[in-house]
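**Q** pasting a predicted model and its sequence here:
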Amino acid sequence: MSFLKKRWVIIAAAVLIVAVSAGFSIYRSSVTRLLDKSAYSDLYNDIKDKAEQDYFRDQTALSDYITGWADSQGLTYETDGSGNIIFSREATSRKKNLPPVVVCLSYNYQTAGDNARLLAGAAMIAASDINSGSRSVIFFNDDQNTGTGYRKINKKYLSGDSKIIYLDYGSSSYISTSSFTRKNSQIRIKAGRYEPECDSAVRIHISGITSGNIGTGISKHPDPVSALSTLLTRLKSKSVSFQLADFEIGNNGNMYPVSVDATIMLNSYAVPSFTKYIDKRIKAWEKAYAKDYEDLTYTYEVIDDPEKLPEETYSRKATARLTNVLYTIQSGLYKYENEDNIPEHRTAGDICGINAVTGIRAEDGYICIDLLSQAYDDSYMDRIMSDNTAAAELFDCTIEELSSLPRFLNQKDSLYRTILSTYYQINKNSAGGGALKTDYDNYFTPCSYLAGRAPDADIVHIRLNSDQANYMINTILCYIAYRGNNLIL
């Protein structure tokens, strides 16, 4: 064969290779780009805009929005008696024997703006028309982060061999198979009502705080209970005679409290010094929080007219006990110490627990302090509860556990490994990155509810963030469609 003919054969072969590669690239793109990015973006922006306009004023408003969107798409769904919204699709004929996939998330009107990408992404999964095995997308009613929908979901939606993917949203993106245990407890302080012993009062008002789920950012969130505790502690440290007349905390279930109104009685000679201190606290709050909380209000009013003073107050003893307990409780983060038996995936200084005062209530001759505690496992939870118990008993108060949920730990690896592989295969050459970060949750997740309802299921938690949300949603769609089977071609 002449040199010229050889040259043309080589060129033809090269062209064929390029054509085949291009054809494969187009095919691969068609089977791995399953997310409708335009529809996803439109829905995300609409949810975000409506949240900023306070459109979601209660849980019903958000539920109606989700089902209204579903109606506009012609989707089939059902709502149960607990407010859960369930989208289900039957398996295609060739995939009837595959284990069902359940994608689930919490919906909470108070966090709709922050979770707009999450809500939109889950909606896209529900709307997708891909061929797959049996699949469901469940929007769990999680008003006030109390797990209402999770606790009462019918087990028929979570069969024993289900592959369950729980989604939430945060600052980082990762996949996890473990999360914290959680306890709700209550400290009770005997507190009768008596005639006031002081001649003046200062009424405190704090509001405009946006709530959220209690997590590792607790120290950065404005805490109205802590603000009240600081004022009471200040009076105690200055040996001022004072009594708490009344209080109302904007308790928000298992979320951050949102407001406080309280009346503190003291004698007139102590008022100027106290209000001067409050002025400093107001400036400190504005400096720390005003930028992120536009509606934040921290004000006070001095009451010196005898006709307008409260007719009853709590005793000095009850007020002192409340002040002491609030000051003593460690409300914030617990971290591993060098002498601890630290899990191999953690180091000293990492978070091992979270303790928070979620509210204070008046109840039948008592003042009740509500506590929410989260921890890596029972041993670290015991440490937190021991501290809370010591704070209560030191000042002759009682403490009782109200509810407890176990740590989530999935020791199966099929779902976990397949999603990791799927993410890598479809994103290795994209801006999404070649690997999905793996981590262990340092907070409680509803996976504990899911594991309790379906103890034999294979469950993972995937956290989305703004940079990788679309990659993660597309990965989940590819997992549902292919289970990793033909993504390595």
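**A** It's in.

**Q** wait, Cys198 touches Ile264, no?
**A** No. Cys198 is not in contact with Ile264 according to Cβ atoms under 8 Å; the separation is 9.0 Å. Using the backbone N, CA and C atoms, a C-beta is placed for each residue, glycine as well.

**Q** okay, and the common contacts of the two?
**A** In terms of Cβ atoms under 8 Å, 6 or more residues apart in numbering, Cys198 and Ile264 are both contacted by the residues Phe242, Gln243.

**Q** these two: which has the busier surroundings?
**A** Ile264 (26 against 21; other Cβ atoms under 10 Å).

**Q** that one belongs to a helix?
**A** No. Counting by DSSP: H, G, I helix; E, B strand; the rest coil, Ile264 is not found in a helix; it is strand.

**Q** what bridges to it?
**A** Val202, Leu244 (DSSP bridges).

**Q** how about the helices in the chain?
**A** 3-32, 37-52, 59-72, 116-127, 148-152, 224-237, 271-289, 316-328, 378-394, 414-427, 447-453, 469-482 (DSSP state H).

**Q** in CSV, list those along with mean neighbour count.
**A** Listed next are these as CSV, based on neighbours: other Cβ atoms under 10 Å:
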stretch, mean neighbour count
helix 3-32, 11
helix 37-52, 16
helix 59-72, 16
helix 116-127, 24
helix 148-152, 19
helix 224-237, 19
helix 271-289, 14
helix 316-328, 19
helix 378-394, 17
helix 414-427, 20
helix 447-453, 21
helix 469-482, 24
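
**Q** now those as TSV including distance to Gly212 and mean pLDDT?
**A** Shown next, in TSV, are these (distance: least, Cβ to Cβ, whole Å; pLDDT from 0 to 100):
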stretch	distance to Gly212	mean pLDDT
helix 3-32	35	46
helix 37-52	13	97
helix 59-72	15	98
helix 116-127	14	98
helix 148-152	18	95
helix 224-237	14	97
helix 271-289	13	97
helix 316-328	21	97
helix 378-394	21	97
helix 414-427	27	94
helix 447-453	19	97
helix 469-482	18	95
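
**Q** looking at these, which is closest to Ile206?
**A** helix 224-237 (4.7 Å; Cβ to Cβ).

**Q** give me the residues contacting that closest one.
**A** 204, 206, 209, 242, 244, 247, 249-250, 257-260, 262, 264, 266, 270, 274, 277-278, 281, 285, 298, 319-320, 322-324, 326-327, 331, 357, 359-360.

**Q** go again with 6 Å.
**A** Ile206, Phe242, Pro257, Ser259, Val260, Ala262, Tyr277, Thr323, Leu326, Tyr327, Val357 (Cβ atoms under 6 Å, 6 or more residues apart in numbering).

**Q** equivalent analysis for stretch 163-174, please.
**A** Here stretch 163-174 has contacts from 99, 101-105, 115, 118, 415, 437, 439, 447, 450, 457-465, 468, using Cβ under 6 Å, 6+ apart.

**Q** and the buried ones among the residues you listed, selectable in PyMOL?
**A** Only the buried entries of the contacts of stretch 163-174 go into this PyMOL selection, using 16 or more other Cβ atoms under 10 Å:
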select buried, resi 99+101+102+103+104+105+115+118+415+447+450+457+458+459+460+461+462+463+464+468
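
**Q** keep only those of the contacts of stretch 163-174 that are in strands.
**A** Judged by DSSP state E, the contacts of stretch 163-174 include Val101, Val102, Val103, Cys104, Leu105, Asp458, Ile459, Val460, His461, Ile462, Arg463, Leu464 as members of strands.

**Q** just send the contacts of helix 224-237 back as JSON lines, with distance to Tyr166 too.
**A** Listed next are the contacts of helix 224-237 as JSON lines, based on distance: Cβ to Cβ, whole Å:
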{"residue": "Ile206", "distance to Tyr166": "34"}
{"residue": "Phe242", "distance to Tyr166": "47"}
{"residue": "Pro257", "distance to Tyr166": "26"}
{"residue": "Ser259", "distance to Tyr166": "31"}
{"residue": "Val260", "distance to Tyr166": "33"}
{"residue": "Ala262", "distance to Tyr166": "38"}
{"residue": "Tyr277", "distance to Tyr166": "46"}
{"residue": "Thr323", "distance to Tyr166": "40"}
{"residue": "Leu326", "distance to Tyr166": "34"}
{"residue": "Tyr327", "distance to Tyr166": "37"}
{"residue": "Val357", "distance to Tyr166": "27"}
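
**Q** ok, these vs Asn429, which is closest?
**A** Pro257 (47.2 Å).

**Q** of the ones in strands among the contacts of stretch 163-174, which pair is most distant in space?
**A** Across the ones in strands among the contacts of stretch 163-174, the longest distance by Cβ to Cβ is 20.0 Å; it joins Asp458 and Leu464.

**Q** coming back round to it: which among the contacts of helix 224-237 gets closest to Asn184?
**A** After measuring the contacts of helix 224-237 against Asn184 - Cβ to Cβ - the closest member comes out as Val357, at 11.8 Å.

**Q** tell me the contacts of Tyr293?
**A** Tyr293 neighbours (Cβ under 6 Å, 6+ apart): Gly208.

**Q** if we use 7 Å, what do you get?
**A** Gly208, Ile209, Thr210, Pro222 (Cβ atoms under 7 Å, 6 or more residues apart in numbering).

**Q** name whatever forms a beta bridge with the residue most central in space within the chain.
**A** Compute the mean C-alpha point of the chain, and by Cα atoms, centre = their mean the closest residue is Asn213, 4.0 Å away. Counting by DSSP bridges, Asn213 forms beta bridges with Met255.

**Q** distance of it from Asn184?
**A** 14 Å (Cβ to Cβ, to the nearest Å).

**Q** can you check Cys478 too?
**A** For Cys478, the distance to Asn184 - Cβ to Cβ - is 39 Å.

**Q** same deal with Ala392?
**A** Taken as Cβ to Cβ, the span from Ala392 to Asn184 is 15 Å.

**Q** same thing with Pro99?
**A** Pro99 sits 34 Å away from Asn184, going by Cβ to Cβ.

**Q** how about Asp458?
**A** Asp458 is 29 Å from Asn184, where distance means Cβ to Cβ.

**Q** swap in Glu307?
**A** Counting by Cβ to Cβ - Glu307 and Asn184 are separated by 42 Å.

**Q** more neighbours, those two?
**A** Asn184 (17 against 5).

**Q** on that earlier part again, ok, of the contacts of Tyr293, which one's closest to Ser159?
**A** Comparing these against Ser159 with Cβ to Cβ picks out Thr210 as the nearest, at 38.0 Å.

**Q** give me the pLDDT for the closest one.
**A** Looking at Thr210, its pLDDT stands at 93.

**Q** now it: closest residue in space that isn't a chain neighbour?
**A** Distances taken as Cβ to Cβ, 6 or more residues apart in numbering place Tyr293 nearest to Thr210, at 6.2 Å, with adjacent residues excluded.

**Q** no further questions, thank you.
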